[in-house]
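Novice: heads up, no residue letters with this:
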């Protein structure tokens, strides 16, 4: 991972997982994703490839159908993995040992999610994205945790909104497993900021359901943090 002036080029090298002391195999085993990855890879085999470059200036094309939705999720996991990697590398002033432990665990989960999608998508995965965290003060607790809160809430709403766009039940199963972990992250970050806010009414409605956002809404919100132009025009809308 290359870091220059807070602008990070995201790479999904498995070495990051090894250096963190975290076993991706162990995480995927306990989360149930290891078995699911075999199913996903098998299902992906019948999907057509997509244009991944940006020669025409339209941006990195996520693709269409279930394939495009998985690349959409992969893009978001790249963003989150890069953010938490920088959080642990920088460590804001006054970070407690407990906070460091929680944030390290979240980093490792996000790296595992990112690597899962990269492996499942294979040669059809979009390239590594360049992200821009120049608006975040990684030395300030409030700046880091408020950004983490925004990313986690956004991630949960993204998976909730994308679920209905998937047609393959195996993909939906994997998405359900991942969003449950993202929701745990969101609840924890909210508690670190304000106790008893883990399910506040700004994210849970009167029916006790989390918010759901469309890919267009999510990418618009995440846009300021992603330097690479993303073309989501071929994603399903219903």
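Specialist: Received, thanks. Everything quoted here is computed from the prediction, not taken from an experiment.
Novice: Tell me the pLDDT of residue 60.
Specialist: Looking at residue 60, its pLDDT is 96.
Novice: what do you get for the one 10 residues further on?
Specialist: At residue 70 the predicted local distance difference test score is 97.
Novice: thinking it is in contact with residue 120, fair?
Specialist: Yes: contact status for residue 70 versus residue 120: in contact at 6.9 Å, counting by C-beta atoms under 8 Å. All C-beta atoms are positioned from the backbone trio N, CA, C, and that covers glycine.
Novice: which of those two has more neighbours?
Specialist: residue 70 (28 against 23; other C-beta atoms under 10 Å).
Novice: in what helix or strand does that one lie?
Specialist: helix 65-90 (DSSP states H and E).
Novice: Can you point out the buried residues in that helix?
Specialist: 65-88, 90 (16 or more other C-beta atoms under 10 Å).
Novice: between the helix or strand following it and helix 65-90, how many degrees?
Specialist: As assigned by DSSP H and E, the chain's next helix or strand after helix 65-90 is helix 97-121. Following axes from the mean of the first three to the mean of the last three C-alpha atoms, to 10 degrees, one obtains 150 degrees for the angle between helix 97-121 and helix 65-90.
Novice: Can you list the buried residues in whichever helix or strand comes after helix 97-121?
Specialist: Remark: after helix 97-121, the chain's next helix or strand is strand 130-132, criterion DSSP H and E. Across strand 130-132, burial judged by 16+ other C-beta under 10 Å covers 131-132.
Novice: one step back: now do the helix holding residue 70: which elements does it pack against?
Specialist: Using 3 or more C-beta pairs under 8 Å, 6 or more residues apart in numbering; DSSP states H and E as the contact test, the elements touching helix 65-90 are helix 33-44, helix 97-121, strand 130-132, helix 141-162, helix 169-193, helix 215-222.
Novice: center of this structure, which residue is that?
Specialist: Residue closest to the average C-alpha location in the chain (C-alpha atoms, centre = their mean): residue 77, at 2.2 Å.
Novice: From residue 131, how far out is that one?
Specialist: In this view, residue 77 and residue 131 are 12 Å apart by C-beta to C-beta, to the nearest Å.
Novice: what's the answer for residue 142, then?
Specialist: 21 Å.
Novice: cool, residue 164 as well?
Specialist: With C-beta to C-beta as the criterion, residue 164 and residue 131 are 27 Å apart.
Novice: Run a quick neighbour tally on residue 113.
Specialist: The local packing of residue 113 (other C-beta under 10 Å) involves 27 other residues.
Novice: residues in contact with the nearest residue to it once chain neighbours are set aside?
Specialist: Of all residues not flanking residue 113 in the chain, residue 77 sits nearest, at 4.4 Å (C-beta to C-beta, 6 or more residues apart in numbering). Residues in contact with residue 77 (C-beta atoms under 8 Å, 6 or more residues apart in numbering) are 110, 113-114, 117.
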